[in-house]
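J.: A structural model of the following input is requested.
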Amino acid sequence: MTRTIIFDFDGTIADTLDAVVNIVNEHSEYFGYKKVTKQDIPYLQGKKPREILSHLGISVFKLPSWVRKIHSEINKEITNMTPTVNISPLLSEMSVDNDIHLGILTSNTQENVKQFLVKNELDFFEFVRTGKSVFGKSYMINKIIKQQHLNQDDVFYVCDEVRDIEAARKSGIKSVAVTWGYNTKNALVKENPDFLATSLDELKEIIIP
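T.: Model prediction:
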């Protein structure tokens, strides 16, 4: 059976958490919200994006410009980051399987993501789709399904956030939540993903039957 595995990037593949926290804190004074402390991080990892924004106290009026600024700053740092886990051997194994096709969906720029992949010897993906949509991640997933002429039943979304699980459900594809990224295991379980992987071995068992 042919399978297409779409990977989220931030947290799932690239270890961006520390950089995101630093960038968010650097702009706290300008945008008028409180900084994230080390003690805050475990708590916030169990929350949805809107709950995190509420905790920080970011004004809804400043939110659009804040999001653009944070994404812009993260993009500048992507090529200097390292993988969250040692996923290279698993990607290498999947890439030589003719029944498995690999892709990435990310809001980071394609150029930076590809530089990161090459630098960290993770250049095993057939496609990298970038961009953001006011309609959410499910809209971007649907675009990939249409562009790649995929059958929804054969598509898996490997991700690390509750909003990703929601997006996969809306798009009618299977979600594979991994616990080494942004959201905690408990937060992911509450969202009822189709699969949950707490290790690379478990991820391999799910993807390579």
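
J.: Export only the CA atoms of stretch 68-83, formatted as CSV.
T.: Presented in CSV, the C-alpha positions along stretch 68-83 are these (Å, rounded to 0.1, in the frame of the first residue of the first chain):
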residue,chain,number,x,y,z
ARG,A,68,4.5,38.2,11.3
LYS,A,69,7.5,39.5,13.3
ILE,A,70,7.9,36.2,15.2
HIS,A,71,7.7,34.1,12.1
SER,A,72,10.2,36.4,10.3
GLU,A,73,12.7,36.2,13.2
ILE,A,74,12.4,32.4,13.5
ASN,A,75,13.0,32.0,9.7
LYS,A,76,16.3,33.8,10.2
GLU,A,77,17.4,31.2,12.7
ILE,A,78,16.2,28.0,11.1
THR,A,79,19.5,27.2,9.3
ASN,A,80,21.4,27.3,12.7
MET,A,81,19.1,24.9,14.5
THR,A,82,19.5,21.1,15.0
PRO,A,83,17.0,18.2,14.8
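
J.: Give me the buried positions along that stretch.
T.: K69, I70, E73, I74, N75, E77, I78, T79, M81, P83 (16 or more other Cβ atoms under 10 Å). Yep, even glycine has a C-beta here, placed from its N, CA and C like the rest.

J.: Can you verify my assumption that the last one contacts I13?
T.: Yes - counting by Cβ atoms under 8 Å, P83 sits close enough to I13 to count as a contact (6.2 Å).

J.: what sits in contact with each of those two?
T.: L122 (Cβ atoms under 8 Å, 6 or more residues apart in numbering).
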